[in-house]
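Colleague: build me a model from this:
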Amino acid sequence: MTIRAPDISVDRMTRYRARFGREILGSAACPNDGPRMANVSDEERLKELAKKKQAIEAWRTAIRPRVAKRERARDMRRKILVGSLFLLKMENNPENGPRFRVWLKKKLPGFLRETGHALFDDIIEEDTEGD
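Modeller: Residues are numbered from 1 along each chain as shown. Take a look at the predicted model:
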């Protein structure tokens, strides 16, 4: 009984060679090894690896600000949504609305900067007039 190699189209073999740098049949090396480098000294290999490491570090340096920006935007969006929910509950809940306003009046002055007070004047002033 003769064992035959599977029928593989020429196009598929060409793509395999381009991807792995070797023939499909007759290669003892694993396809995941990558292309073999013939007669490369250890020093040359170290230089090549140093260049790759430098390229990876440059890529990481470029990516970090984008990730940080995305995280800041996500954090800000969460704060806005929680604040919107809180203000909505304060306006539409007759039982707890006044309690929320009293709590805000106590907590906001210590939490806000000078520029932030103008944003909440309507809430703080209403409580001051009601006292």
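
Colleague: hey, let's count contacts and neighbours off CA atoms from now on
Modeller: Fine.

Colleague: from residue 116, how far out is residue 91?
Modeller: 20 Å (CA to CA, to the nearest Å).

Colleague: what does residue 87 give?
Modeller: 16 Å.

Colleague: let me see the confidence value for residue 84.
Modeller: Residue 84 carries a pLDDT value of 90.

Colleague: so after whichever strand or helix holds it, what's the next helix or strand?
Modeller: Assessed by DSSP states H and E, residue 84 sits inside helix 42-92. Counting by DSSP H and E, the next helix or strand C-terminal to helix 42-92 is helix 97-111.

Colleague: buried residues of that following helix, list them for me.
Modeller: 97, 100-101, 104-105 (16 or more other CA atoms under 10 Å).

Colleague: return the closest of the residues you listed with respect to residue 48.
Modeller: residue 104 (61.0 Å; CA to CA).

Colleague: residues touching the closest one, list them.
Modeller: Counting by CA atoms under 8 Å, 6 or more residues apart in numbering, residue 104 makes contact with residue 124.

Colleague: distance of residue 88 from residue 77?
Modeller: In terms of CA to CA, residue 88 sits 16 Å off from residue 77.
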